[in-house]
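A.B. asks: Have a look; sequence and predicted model below, questions after that.
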Amino acid sequence: MAMKSYVKTRIEEEIYRKLDIKHFSSSTNTLHIADLGCSVGPETYSAMQDIVEVIEFKYISEGLIAQIPEFLVFFNDFVSNDFNTLFSSLPPNKRYFAAGVAGSFYQRLFAAGFLHFVYSSHSLQYLSKVPEEVVDKDSPAWNKGKVFYTSAQKAVVVAYSAQYGEDMESFLCARAEELVRGGMMVLLMPGLSDGTSYSKCSHCMLYDLLGSCLMDMAQMELVSEEKVDSFNYPIYIASPKELEGLVKKNGCFSIERIEMVSRLTEEEEPPDVEVFTMHLRDGMQGPIKEHFGSEILEELFDRFSQKIAESSSHLIEESYKKPNQLFVILKRKAQAG
Ligand SMILES: C[S@@+](CC[C@H](N)C(=O)[O-])C[C@H]1O[C@@H](n2cnc3c(N)ncnc32)[C@H](O)[C@@H]1O
């Protein structure tokens, strides 16, 4: 995909220009890389291969062939991730050793000063939990009849944003401990352009649309309204400014790049409704299955697909052609933050 190649080029550029391999080579001959929220592949394999190749290239072009390190890649996700599928599908010609590390990336996962490079793609939008206030009937932030904050009251947005701030701080503090000084972090996640309202954000519109399908089903008594009221997505879509503020507040990382990128170029065709809904279902169904059970999935996603089709593909265009992905490169500061 174009986003991948645009992002890939930028990652290569930043690694090439800024990764401090001379400093690394003096202290180790194994580089430790982690993919946080790797899922089961295949995206993770190609990302890891690309990163290893560009680091090797940097050693060669700096005349350090004799010092090219070995690479050890840690694939991280929750304990419930299908690590068997992941490890049985690793490319046989990979140029790194592979290990799994199970657990939440909002906590420490590695020993201090152990990692040289961290990558995380489309995982940091997941909050560690749904903010408690939004499912509390007695709170002004109770998000009745909605599953997301797109068109919710201000108190709901504030609760989501506070949870995201807390989670990002935990993430940054854990990584600040684990990364060596000069270590690099590449983060890619759904984002919201600065100054854009939630009602114009394609990710937010889609969660709202799915919420409206659940409410329709509640009205037809296919699910209980109470069950819908107590369900909210643990997802947050940050803007570059918001994320920049959190990184600066944390103080342990320099911001090397932070920008919004789109998934496809003008020339490329987005998928049709069926494929689009299938991809969305893969990404969205987990929390629904957990809360409502799997019985409602067919009906819910049929309705969802119909509503997307009724949007005259405008939602698909928005999702693929507008810059709606946050691309961030950070470096661990030399001084403790
Ligand atoms: C949408 S998938 C992205 C997979 C892959 N990185 C990619 O770019 O295609 C998000 C993954 O993040 C994982 N994830 C979400 N929150 C996490 C957390 N706190 N700790 C570890 N993994 C997490 C999920 O389990 C899921 O596998």
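C.D. replies: Now that the structure is in, tell me what you want to look at. On a predicted model such as this, the values are computed, not experimentally measured, just so you know. Residues are numbered from 1 along each chain as shown.
A.B. asks: From what I see, residue 73 and residue 99 are in contact.
C.D. replies: Yes - with contacts counted by Cβ atoms under 8 Å, residue 73 reaches residue 99, the gap being 7.3 Å. (Each C-beta comes from the backbone N, C-alpha and C, glycine too.)
A.B. asks: list the helices and strands the longest helix seen in the chain packs on?
C.D. replies: As assigned by DSSP state H, the longest helix anywhere in the chain is helix 154-178. Judged by 3 or more Cβ pairs under 8 Å, 6 or more residues apart in numbering; DSSP states H and E, helix 154-178 is in contact with strand 115-121, helix 240-250.
A.B. asks: Roughly how far does the nearest residue to residue 166 once chain neighbours are set aside sit from residue 171?
C.D. replies: In space, and not counting its chain neighbours, residue 166 is closest to residue 128: 7.9 Å by Cβ to Cβ, 6 or more residues apart in numbering. When Cβ to Cβ, to the nearest Å is the yardstick, residue 128 and residue 171 sit 9 Å from each other.
A.B. asks: intersection of neighbour lists for those two?
C.D. replies: residue 106 (Cβ atoms under 8 Å, 6 or more residues apart in numbering).
A.B. asks: Those two - which one has more neighbours?
C.D. replies: residue 171 (23 against 15; other Cβ atoms under 10 Å).
A.B. asks: thinking again about what came up before, tell me the angle of whichever helix or strand comes after the longest helix of the chain relative to helix 154-178?
C.D. replies: Toward the C-terminus, helix 154-178 is succeeded by strand 179-190 as the next helix or strand (DSSP states H and E). Compare the direction of strand 179-190 with that of helix 154-178 by axes from the mean of the first three to the mean of the last three Cα atoms, to 10 degrees and you get 150 degrees.
A.B. asks: and of the helices and strands packed on helix 154-178, who's closest to the ligand?
C.D. replies: For the helices and strands packed on helix 154-178, proximity to the ligand was assessed by Cβ to the nearest ligand atom; strand 115-121 is nearest, at 3.3 Å.
A.B. asks: Show me what that closest one pairs with in its sheet, parallel or antiparallel.
C.D. replies: Each strand paired with strand 115-121, and its direction, by DSSP bridges: strand 30-36 (parallel), strand 179-190 (parallel).
A.B. asks: Does residue 203 touch residue 193 like I think?
C.D. replies: No - using Cβ under 8 Å, residue 203 is not in contact with residue 193; the gap is 11.5 Å.
A.B. asks: Common neighbours of those two, please.
C.D. replies: Residues touching both residue 203 and residue 193 by Cβ under 8 Å, 6+ apart: residue 324.
A.B. asks: Can you name the residues bridging to residue 119?
C.D. replies: Going by DSSP bridges, residue 119 forms beta bridges with residue 35, residue 186.
A.B. asks: For residue 272, find the nearest of the strands paired with strand 115-121.
C.D. replies: Nearest to residue 272 among the strands paired with strand 115-121 is strand 179-190 (21.0 Å), distances taken as Cβ to Cβ.
A.B. asks: So what touches the closest one?
C.D. replies: Contacts of strand 179-190 (Cβ under 8 Å, 6+ apart): 7, 11, 14-15, 18-20, 23-24, 27, 113-125, 175, 203, 237-238, 253, 256, 324-334.
A.B. asks: list the contacts for residue 96?
C.D. replies: Residue 96 touches 33, 48, 52, 70, 71, 72, 73, counting by Cβ under 8 Å, 6+ apart.
A.B. asks: Which of those fall in strands?
C.D. replies: 33, 70, 71, 72, 73 (DSSP state E).
A.B. asks: hang on, residue 211 is in a strand, isn't it?
C.D. replies: No - according to DSSP: H, G, I helix; E, B strand; the rest coil, residue 211 belongs to no strand; its state is helix.
A.B. asks: wait, isn't it in contact with residue 149?
C.D. replies: No - using Cβ under 8 Å, residue 211 is not in contact with residue 149; the gap is 10.2 Å.
A.B. asks: Helices of the chain, residue ranges please.
C.D. replies: Using DSSP H, the helices of the chain run over 2-18, 21-27, 43-61, 83-88, 154-178, 202-219, 225-229, 240-250, 273-292, 297-310, 314-321.
A.B. asks: what is the rounded mean pLDDT of the first one?
C.D. replies: What helix 2-18 shows for mean pLDDT is 78.
A.B. asks: got the angle between it and strand 115-121?
C.D. replies: Using the same axes, to 10 degrees, helix 2-18 lies at 160 degrees relative to strand 115-121.
A.B. asks: The last one now?
C.D. replies: Here helix 314-321 runs at 160 degrees with respect to strand 115-121, directions being taken by the same axes, to 10 degrees.
A.B. asks: Tell me the buried residues in helix 314-321?
C.D. replies: 315, 316, 318, 319, 320, 321 (16 or more other Cβ atoms under 10 Å).
A.B. asks: same check, this time on the longest one
C.D. replies: Residues of helix 154-178 classed as buried: 155-157, 159-160, 163-168, 170-178 (neighbour count, 16+ other Cβ under 10 Å).
A.B. asks: swap in the third one?
C.D. replies: If you call a residue buried by 16+ other Cβ under 10 Å, then helix 43-61 has these buried ones: 44-45, 47-52, 54-56, 58-59.
A.B. asks: Thank you, goodbye.
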